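In: quick one: sequence and predicted model below, then my questions.
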Amino acid sequence: MYKIVWFGTLNKSIGYIGKKKTRLLSPCEKICLNTARKTVQRCDKNYSPPKLSRIKNFYTYSIVLGSLFGMVMWAIYKLGKPEEDHRGPIEDEFSQLPWFRQYIMRMWHTLQYYEKMMEEPQMAKLLPNVVPPPYIQPPYSLVLEIKDVLVHPDWTYQTGWRFKKRPGVDYFLQQCSRNFEIVIYTSEQGMTAFPLLDALDPYGYISYRLVRGATDLVEGQHTKNLDYLNRDLSRVIVVDCDPYTTPMHPDNSLVLTKWLGNDDDVQLFDLTAFLQLVAEHQVNDVREVLRYYRQFEDPIEQFKDNQRRLQEQNQESIQNLPTSERQWNLTLLGRSLRGSSIK
């Protein structure tokens with residue numbers, strides 16, 4: 001009685017082994033077994049000899065690790081090499097260190113510099129100086145966010161991402177451009193904001209455009225530092241739907257409710273009326289007005305309520321007129337004023 005015993009893999013010698021005697025395979029049997037082995041290998045496409053698999057894995061890992069090592073060494077050299085002039089390398093505070101440590105320290109210093117550039121605005125002055133007479137400079141600056149104030153991102157399966165234009169945008173920009181220097185200041189990337197503004201403002205009512213590179217990165221939040229605007233902050237109004245974008249200047253912010261894309265929205269028309277009232281009364285410091293409206297969840301709705309109450313109160317006459325300095329305050333805050341043009 002004989003039986004077939006497999007030694008290791010199919011490519012090793014195979015023989016018949018009994019309890020007392022063993023004989024080698026005949027040439028015909030070897031041919032049959034080789035044919036069977038090739039058939040099994042063709043059926044198993046993932047089959048490869050163990051030694052060949054180990055060699056492939058070794059070369060794969062070697063290429064990956066070698067590439068990573070080469071990239072790290074290139075970064076150390078590129079970012080850590082000393083600056084040079086026509087006389088050769090320029091000495092710096094790291095020149096006395098061992099050469100490899102010099103490169104490491106310079107690279108670390110360069111990376112910190114780039115990180116600081118990303119967190120801080122690119123320029124100390126984001127806007128040019130106010131133009132002198134006889135050129136006309138609007139008396140106020142209106143700083144606007146795009147997203148959820150002028151447009152709303154909308155996604156559908158058929159069209160993908162699109163931006164929906166808010167009702168009243170054209171009227172709003174046209175009317176406000178008469179008394180306000182309109183500045184777009186957004187945390188959106190320039191590649192998104194610039195084409196959008198080109199389509200939103202074909203007549204050029206917007207004076208300046210500031211994007212994410214002009215913001216400060218504070219704890220992962222892109223904030224707007226109005227100190228870099230190069231404008232008198234007593235005449236700067238920021239319109240946004242996020243109260244945390246101007247943490248250093250909350251009194252300059254008019255925080256609106258987010259527009260969610262509904263077609264029956266009229267908030268921009270009401271906002272236009274509010275801003276026109278500020279300009280007509282020549283408010284010396286807009287922060288006093290904005291500070292009052294900051295206490296309300298919906299400042300524009302509160303402004304409309306104030307105007308309604310004012311219309312009722314104006315039916316009564318006031319014997320003693322207040323000073324002209326306080327006239328804007330009474331009207332904007334919804335108090336009675338005889339002879340007011342706000343009806």
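Out: That came through fine.
In: every contact and neighbour count from this point should use C-alpha atoms.
Out: Noted.
In: where does the stretch 101-250 of the chain have low pLDDT?
Out: Within the stretch 101-250 of the chain, the stretches with pLDDT under 70 are 114, 116-123.
In: do a quick rundown of the strands in it.
Out: Along the stretch 101-250 of the chain, the stretches classed as strands by DSSP state E, counting those that start in this stretch are 140-144, 151-156, 160-165, 180-185, 208-210, 216-218, 221-223, 236-240.
In: longest single helix anywhere in this protein?
Out: Secondary structure assigned by DSSP state H gives helix 50-80 as the longest helix of the chain.
In: the stretch 1-150 of the chain: helices as residue ranges?
Out: For the stretch 1-150 of the chain, the helices defined by DSSP state H, counting those that start in this stretch occupy 27-43, 50-80, 99-119.
In: where among those helices is the average confidence lowest?
Out: Lowest mean pLDDT within these: helix 27-43, a mean of 71.
In: can you dump the C-alpha atoms of it in CSV for me?
Out: Extracted in CSV, the C-alpha atoms of helix 27-43 (Å, rounded to 0.1, in the frame of the first residue of the first chain):
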residue,chain,number,x,y,z
PRO,A,27,9.7,10.8,-15.6
CYS,A,28,6.1,10.4,-16.7
GLU,A,29,4.8,11.0,-13.2
LYS,A,30,7.0,14.1,-12.8
ILE,A,31,5.6,15.5,-16.1
CYS,A,32,2.0,14.9,-14.8
LEU,A,33,2.7,16.6,-11.5
ASN,A,34,4.4,19.6,-13.2
THR,A,35,1.4,20.0,-15.4
ALA,A,36,-1.0,19.9,-12.4
ARG,A,37,1.2,22.4,-10.6
LYS,A,38,1.1,24.9,-13.5
THR,A,39,-2.7,24.5,-13.8
VAL,A,40,-3.1,25.3,-10.1
GLN,A,41,-0.9,28.4,-10.5
ARG,A,42,-2.8,29.7,-13.5
CYS,A,43,-6.1,29.3,-11.5
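In: and the protein, what are its domains?
Out: 3-43, 50-119, 140-332 (automatic domain parsing).
In: any idea which of those domains is most buried?
Out: Comparing these by mean neighbour count (mean count of other C-alpha atoms under 10 Å), domain 140-332 comes out on top with a mean of 17.
In: run the chain-centre distance for that one.
Out: 20 Å (C-alpha atoms, centre = their mean, to the nearest Å).
In: which one is Arg162 nearest to, not counting chain neighbours?
Out: Take Arg162 and drop its neighbours on the chain: the residue closest to it by C-alpha to C-alpha, 6 or more residues apart in numbering is Asp154, 5.1 Å away.
In: need the contact list for that neighbour.
Out: Asp154 sits next to 160-164, 261 when contact means C-alpha atoms under 8 Å, 6 or more residues apart in numbering.
In: and of the domains of the chain, who's closest to Val131?
Out: domain 140-332 (11.4 Å; C-alpha to C-alpha).
In: before we move on, back to that, now for the longest helix of the chain, which elements pack on it?
Out: On a contact count with 3 or more C-alpha pairs under 8 Å, 6 or more residues apart in numbering; DSSP states H and E, helix 50-80 meets helix 99-119.
In: sorry, back to before: which single one of the contacts of Asp154 is nearest to Gln96?
Out: Closest to Gln96, out of all of the contacts of Asp154 and judged by C-alpha to C-alpha, is Trp161, at 55.3 Å.
In: so the closest one is in contact with Trp155, correct?
Out: Yes - here Trp161 lies in contact with Trp155, judged by C-alpha atoms under 8 Å, at a distance of 4.4 Å.
In: the helices of the stretch 1-150 of the chain into CSV, with extra columns for distance to Tyr205?
Out: Formatted as CSV, the helices of the stretch 1-150 of the chain follow (distance: least, C-alpha to C-alpha, whole Å):
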stretch, distance to Tyr205
helix 27-43, 71
helix 50-80, 44
helix 99-119, 30
